[in-house]
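Participant: Here's a sequence, model it:
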Amino acid sequence: MITLVFLGKLADLAGRAECECALTSGAINWPDLLALMEDHLNTAIAEAALADRTKLALNGAVLADKTALIARDGDEIALLPPVSGG
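Facilitator: Numbers count the residues shown, from 1 in each chain. Modelled structure (predicted):
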């Protein structure tokens, strides 16, 4: 199982703040994550995740490149929307 955490407007798109998803293999990468979100949530959240300004964090560490994602059983993946303000 992995835990997906959605912050800010992404939680609204996902319809929840977090969800747990079973892994079908030992690990999940970026394309697998997008497919998982489309299958278990909705296309809107997957599209929002694709945006350049949406960041990914794996177990609390923000990834510089989403395509570097390799998550395993027990990991937490957070989707971080762009931050506005000043």
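Participant: partner residues bridging residue 27?
Facilitator: With DSSP bridges as the criterion, residue 27 is bridged to residue 72.
Participant: Mind telling me what element residue 82 is part of?
Facilitator: For residue 82, there is no host helix or strand (DSSP states H and E).
Participant: Who are the contact partners of it?
Facilitator: For residue 82, the contacting residues are 51, 53-54, by Cβ atoms under 8 Å, 6 or more residues apart in numbering. No exception for glycine: its C-beta is placed from N, CA and C like everyone else's.
Participant: What subset of those is buried?
Facilitator: For the contacts of residue 82, a neighbour count by 16 or more other Cβ atoms under 10 Å gives the buried set as residue 54.
Participant: Let me have the contacts of residue 82 in CSV, extended by pLDDT and distance to residue 64.
Facilitator: Supplementary listing: the contacts of residue 82 in CSV, determined by pLDDT from 0 to 100; distance: Cβ to Cβ, whole Å:
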residue, pLDDT, distance to residue 64
51, 89, 16
53, 90, 14
54, 91, 14
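Participant: could the contacts of residue 82 go into a markdown table alongside secondary structure?
Facilitator: Supplementary listing: the contacts of residue 82 in a markdown table, determined by DSSP: H, G, I helix; E, B strand; the rest coil:
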| residue | secondary structure |
| --- | --- |
| 51 | coil |
| 53 | coil |
| 54 | coil |
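Participant: Which one of the contacts of residue 82 is nearest to residue 83?
Facilitator: residue 53 (9.0 Å; Cβ to Cβ).
Participant: gap between that closest one and residue 78?
Facilitator: Going from residue 53 to residue 78 by Cβ to Cβ, to the nearest Å gives 15 Å.
Participant: Run through the neighbouring helices and strands of the helix ranked longest in the chain.
Facilitator: Identified as the longest helix of the chain according to DSSP state H is helix 30-40. When contacts are defined as 3 or more Cβ pairs under 8 Å, 6 or more residues apart in numbering; DSSP states H and E, helix 30-40 sits against strand 18-21, helix 43-50.
Participant: Most tightly packed of the ones you listed?
Facilitator: Of the helices and strands packed on helix 30-40, the one with the most neighbours on average (mean count of other Cβ atoms under 10 Å) is helix 43-50, at a mean of 17.
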